[in-house]
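Participant: Make a model of this:
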Amino acid sequence: MTQPQRQQSRAALAGWFGTTVEFYDFFVYGLAASLLFPKIFFPAADPVVGTLISLSSFGVGYVARPFGALLFGHLGDRMGRKSILVTTLMMMGIATTAIGLLPSYGTWGIAAPILLVALRIVQGVSLGGESSGAVLLTVEHAEKHRRGFFGGILNTGTAVGTILANAMFLLVARLPEADLVAWGWRIPFLVSVLLVVAGLVIRLGLRESPEFADVKDTGAVHKLPLVDVLRKCGGTVVLVTLATLGAGVTITVSSVYVLTYGKTELGLSTSAMLDVLLPGLFVVVIGAPLYGRLADRIGPKTVFVTTAASMVVLPFAWFPLLNTANPWLMFLGFALLFAGYAGNFAMFPVFFSQAFPVSLRFSGMAIGFTLGTIFGNAFAPAISASLLESTGTWVSVAAYMAAAWAVTAVGGLLLRPAPSEQPEILREASGAPAA
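Facilitator: Residues are numbered from 1 along each chain as shown. Modelled structure (predicted):
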């Protein structure tokens, strides 16, 4: 194996492991917000109101992501990808561990939920830089004819992180409720320390992205990448935002809100819901690299738009199968939903990265993707709960998911690759003097 090939594999591992850790940390909070935090940090409110407030605190992390996207996108296009990804991983690990050590409302009063929200904001800022940075570190190290495949592998990290988060809660949920509320809920947060240390070791041994290194060597680094990306690629940023909506709504509804839905509407325990959710997520782990290989053959846009169109229909199959409360039929529903989701989400790294020039890629992707997660992921649990409460039927939630996917399909159809950058063009675009 040549040195570039070793770096390609190491970059894929670094991106995948870091993404897994980040999403583990992020979704551990989502699960806790859905199931336990109403009792631990928001006990003074009515149970329904407390749940809505707790789920809204989950959304605060998404609202904070644009600040991370702006900050780390700018720095990533100025300084490089590697140093930013080390920083974001450390931030996420520290914040998650601190949440696991935070006293409850009963001990610290109003200070506890205030600090909880503050730490959630740190998580959001971290993920605002991590998501796009890990994509670029992986894709820019990969050979062009294999970028779909490596991008697909990278995005299995989100599913693996979600599986690990759910698995940890599946284990601690078996504790007596008194122990779970008293101390058991802290375990999934504190485990993050081990994952972060391992992720840092992998990332610190990686070289800078070769494509960014070329930009730096030509003296083509932008002085104000945030300004330049909005001026030159503002329309592309909007299209990336729209193209992320469907996946964001679906993964959040199907992995966070569904636990509340199972308990209130189906009378199923958290453990029973996780028993069918976790195997379903393995469809993403298996499917994403396969869709990536397909994209390397027929193009990422074709795969992206086709799977988005399928997802307009699949929520209406998922809910009826879910409502049977039969484990096997519920698993079938999750498998169908995640089969379509996997194909679309697997395209994010290669499809979105090629839409921006290298010199503005971190800023453009970070802003577009992060805005998409605000409108897609952030308040999906609260919106779903409100829709079900107001209409009394799951159809309204399925329609909400389908509408998001329709917007995603349109965004994907309109998205175009950026022109290839040559050194002379890079220097001229960045304002650097000619060689």
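Participant: pLDDT averaged over the helix or strand where L85 lies, what's the number?
Facilitator: Taking DSSP states H and E as the criterion, L85 maps to helix 82-101. For helix 82-101, mean pLDDT is 91.
Participant: Stretch 273-286 too?
Facilitator: 91.
Participant: In terms of pLDDT, where does F58 sit?
Facilitator: 69.
Participant: nope, A366 is what I meant
Facilitator: 88.
Participant: same deal with R174?
Facilitator: Looking at R174, the pLDDT reads 84.
Participant: How about it: what's its closest non-neighbour residue?
Facilitator: Once flanking residues are discounted, R174 sits nearest to S271: 6.7 Å by C-beta to C-beta, 6 or more residues apart in numbering. In this view, the C-beta of every residue, glycine as well, is placed from N, C-alpha and C.
Participant: other SSEs contacting the one helix or strand that neighbour maps to?
Facilitator: Following DSSP H and E, one finds S271 within helix 270-298. When contacts are defined as 3 or more C-beta pairs under 8 Å, 6 or more residues apart in numbering; DSSP states H and E, helix 270-298 packs onto helix 147-172, helix 258-265, helix 300-311, helix 327-345.
Participant: export the ones you listed to CSV and tack on mean neighbour count and distance to G368?
Facilitator: Converted to CSV, the helices and strands packed on helix 270-298 look like this (neighbours: other C-beta atoms under 10 Å; distance: least, C-beta to C-beta, whole Å):
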stretch, mean neighbour count, distance to G368
helix 147-172, 24, 16
helix 258-265, 20, 27
helix 300-311, 22, 14
helix 327-345, 22, 15
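Participant: closest to G392 out of these?
Facilitator: helix 258-265 (10.2 Å; C-beta to C-beta).
Participant: okay, the angle between the closest one and helix 327-345?
Facilitator: Here helix 258-265 runs at an angle of 150 degrees relative to helix 327-345 (axes from the mean of the first three to the mean of the last three C-alpha atoms, to 10 degrees).
Participant: what's next to helix 258-265, contact-wise?
Facilitator: Contacts of helix 258-265 with the rest of the structure, by C-beta atoms under 8 Å, 6 or more residues apart in numbering, involve 31, 34-35, 51, 55, 268-270, 272-274, 277, 322-323, 381, 384-385, 388, 394.
Participant: what's the answer for stretch 285-298, then?
Facilitator: Contacts of stretch 285-298 (C-beta under 8 Å, 6+ apart): 145-153, 155-156, 159-160, 163, 302-303, 307, 338-339, 342-343, 345-347, 350-351.
Participant: Can you report how many residues lie near P417?
Facilitator: 14 (other C-beta atoms under 10 Å).
Participant: Name the SS class of it, please.
Facilitator: Assigned state for P417: coil (three-state reduction, DSSP: H, G, I helix; E, B strand; the rest coil).
Participant: Please tell me the pLDDT value assigned to the nearest residue to it once chain neighbours are set aside.
Facilitator: Residue nearest to P417 in three dimensions, not counting chain neighbours: Q354, with 4.6 Å by C-beta to C-beta, 6+ apart. At Q354, the pLDDT value in this model is 93.
Participant: Give me the neighbour count for Q354.
Facilitator: Neighbours of Q354 (other C-beta under 10 Å): 19.
Participant: Identify the residues contacting G133.
Facilitator: G133 touches F72, G76, R81, I84, L85, T88, F362, A366, counting by C-beta under 8 Å, 6+ apart.
Participant: how about 10 Å then?
Facilitator: 15, 18-19, 72-73, 75-76, 80-89, 209, 362, 365-366 (C-beta atoms under 10 Å, 6 or more residues apart in numbering).
Participant: Narrow those residues to those that are buried.
Facilitator: Buried members of the contacts of G133, scored by 16 or more other C-beta atoms under 10 Å, are 15, 18-19, 72-73, 75-76, 80-82, 84-89, 209, 362, 365-366.
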